[in-house]
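> 3D model of this:
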Amino acid sequence: MKVEIWSDIMCPWCYIGKRRFEAAMEQFSDAGSVEIEWHSFQLDPTIESGHGDNLYTYLSKRKGIPYEQAEQMNHQVTALAADLGLTYNMEQAVVANSFDAHRLIQLAKQHQLGDAAEERLFKAYFTEGKDFSDAGTLVELGKEIGLEESVLTELVSGQGFATEVRRDIQEADALGIRGVPFFVFDRKYGVSGAQAADTFLEVLNKSVDEWKKTQPAGLEIIEGQTCGPDGDC
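This next block holds a predicted model:
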């Protein structure tokens, strides 16, 4: 059964949601039946990288709120993240356009490294203050999760996987997704936000139980004369 997760690297609730979902999966007895796929989403596709605003100034301008309120909002989410073992250094965050980071994730997905890419990029942004719009930074982060440097260099020098990023964003719009994180279970149930692990676990149990009922039973075999790999015929 597939669980699809729409997320943006610059979303603090997405990193928290990832941890809470992982906690649910650790408790889920049928985790081996679940396939997880990450999808791209951009909270603000209009951001111009290198504008120089820190996160609090950016949020103040975008939301039309006082600087101090933006700072306080992030202090609250930082405390929640810490409860999950995550370190948010919001004052160091480099506000940049996440499109190229999503292209890296799409590349990583082709190598079964989608989850590793999400994890590394979240940490790079929220903990380490790295600029995920910088080509060299993306190459280094990609190498850290096991991607070849030549493939990464080709990615950052062109527009590879841009179509896949845009397709994910368009699909989110078609599904009515207006915010992230957003979790879709077997294309039957949607869960919005960084819910508690117990909520994710409840939906996992329900979804997998229903999914199993739709799977074909094992083959009923009528035996006949065959040849096997051991040479018996």
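
> Show me the strands in this structure, by range?
For the chain, the strands defined by DSSP state E occupy 2-7, 35-40, 182-185, 189-192.

> partners of the third one, with directions?
Sheet pairing of strand 182-185 (DSSP bridges) gives strand 2-7 (antiparallel), strand 189-192 (antiparallel).

> Report the buried residues of the shortest one.
Within strand 189-192, the residues scored as buried using 16 or more other Cβ atoms under 10 Å are residue 191. Every residue, glycine included, has its C-beta placed from N, CA and C.

> for it, the distance to its chain's centre please.
15 Å (Cα atoms, centre = their mean, to the nearest Å).

> Just the C-alpha atoms of it, please, in CSV.
C-alpha atoms of strand 189-192 as CSV (Å, rounded to 0.1, in the frame of the first residue of the first chain):
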residue,chain,number,x,y,z
TYR,A,189,-7.6,8.9,2.9
GLY,A,190,-5.9,12.3,3.3
VAL,A,191,-4.3,13.5,6.5
SER,A,192,-3.4,17.2,6.6
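
> Give the rounded mean pLDDT of that strand.
Here strand 189-192 scores 97 as its mean pLDDT.

> Tell me who's in contact with residue 53.
By Cβ atoms under 8 Å, 6 or more residues apart in numbering, residue 53 lies in contact with 61, 95.

> What values do phi and psi take at it?
phi -70, psi 140 (degrees, to the nearest 10).

> Residue 95 versus that one, what's the distance?
In this view, residue 53 and residue 95 are 6 Å apart by Cβ to Cβ, to the nearest Å.

> do the same with residue 117
Where residue 95 is concerned, residue 117 sits at a distance of 20 Å (Cβ to Cβ).

> Repeat that for residue 177.
According to Cβ to Cβ, residue 177 and residue 95 sit 23 Å apart.

> more crowded one of the two?
residue 95 (24 against 18; other Cβ atoms under 10 Å).

> thinking the more buried one is in contact with residue 58, fair?
Yes - checked against Cβ atoms under 8 Å, the pair residue 95 and residue 58 is within contact range at 4.6 Å.

> intersection of neighbour lists for these two?
Going by Cβ under 8 Å, 6+ apart, residues that sit against residue 95 and also against residue 58 are residue 47.

> Can you get me a residue count around residue 21?
23.

> got the contact list for it?
Contacts of residue 21 by Cβ under 8 Å, 6+ apart are 5, 183, 197, 200.
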